[in-house]
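> Sequence unavailable; structure follows:
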């Protein structure tokens, strides 16, 4: 029988020492992680780990990913979720890797975790392993432009404010001025991480990675009072396991229930595995 491991990260804040004084306060990310863990439990995952806020450090996350890589074999499943802020840093690996010359990051408690670092860890998984990632965060600096085109009513519905200047406090994006400030302060560290990684093309991964992100690159992912907008909608569509279709149908139903200003995206990379895409979500 295939084996499943799940890892769930939820950060309602970050260490200001690692982010030039910014605490990254959010409301619903820890709830998201707990709810994803409960979903995994109900789906039959026996090996589950949840890391909340101060425990979601680079060392702890890397340790859990490497432990999963040592454990899982062809046909097994890693279910990995993240709820928190997204950011960007300048990309040093060339335009063929990131055409916009920016690397996306997730904001772990102690520092930003570069997408190249995540994919480097995915390289350690055996050929034929399935990796399902759900990322409830923003992943593009250009996303803040969306606040300029929303009506006050739409702002209030999605971000709980009519003040455009406050959108960044209720969206899951690291403020652009802090992205720049943190990178300028810690440039040597982040540049050295990228130099050491030299991550290969993600299409060459032996594992299959299916990523569903909370929004498009030019949009913002909204926080919420109980769950993030994406996570809450996903749970509604999943309906305690009653959803019958595959991943693409799952995404379509989620998108139908989301505002036009936040449209989740599905991306697949690595080893080709059409059977994985057609499976009922969260099937071990």
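Received, thanks. All values derive from a computational prediction rather than experimental measurement. Numbers count the residues shown, from 1 in each chain.

> Could I get the full set of helices for the stretch 1-150 of the chain?
Listed in chain order, the helices of the stretch 1-150 of the chain (DSSP state H, counting those that start in this stretch) span residues 29-42, 58-71, 115-122.

> List the contacts of the shortest one.
Right, the one you point to is helix 115-122. Helix 115-122 has contacts (CB atoms under 8 Å, 6 or more residues apart in numbering) with 62, 65-66, 69, 93, 97, 103-106, 131, 193-194, 197, 199, 202, 205, 207, 209, 270. Yep, even glycine has a C-beta here, placed from its N, CA and C like the rest.

> Figure out how far it is from the centre of its chain.
Here helix 115-122 is found 12 Å from its chain centre; the criterion is CA atoms, centre = their mean, to the nearest Å.

> That helix versus helix 58-71: what angle between them?
For helix 115-122 against helix 58-71, the angle by axes from the mean of the first three to the mean of the last three CA atoms, to 10 degrees is 30 degrees.

> So which bits of helix 115-122 are buried?
115, 116, 117, 118, 119, 120, 121, 122 (16 or more other CB atoms under 10 Å).

> again, but for stretch 270-284
270, 271, 273, 276, 279, 281, 282, 284.

> What is the distance between that stretch and the centre of its chain?
Mean-position distance between stretch 270-284 and its chain equals 19 Å (CA atoms, centre = their mean).

> Need the distance between the two termini of it.
Stretch 270-284 has an end-to-end distance of 19 Å (CA to CA, to the nearest Å).

> Over to stretch 17-26?
End-to-end distance of stretch 17-26 (CA to CA): 17 Å.

> Let's test this: mean pLDDT of that stretch, rounded?
Throughout stretch 17-26, pLDDT has a mean value of 96.

> Determine the number of other residues adjacent to residue 112.
Using other CB atoms under 10 Å, residue 112 has 29 other residues around it.

> In contact with it, which residues?
With contacts defined as CB under 8 Å, 6+ apart, residue 112 is in contact with 87, 89, 105, 106, 174, 182, 190.

> With residue 107 instead?
Counting by CB under 8 Å, 6+ apart, residue 107 touches 11, 14, 19, 24, 84, 85, 86, 87, 113, 137, 174.

> Adding neighbour count and distance to residue 213, write the residues you listed out as a markdown table.
Putting these into a markdown table (neighbours: other CB atoms under 10 Å; distance: CB to CB, whole Å) gives the following:
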| residue | neighbour count | distance to residue 213 |
| --- | --- | --- |
| 11 | 28 | 16 |
| 14 | 25 | 20 |
| 19 | 26 | 22 |
| 24 | 23 | 19 |
| 84 | 31 | 13 |
| 85 | 31 | 14 |
| 86 | 29 | 9 |
| 87 | 28 | 14 |
| 113 | 23 | 15 |
| 137 | 29 | 8 |
| 174 | 26 | 16 |
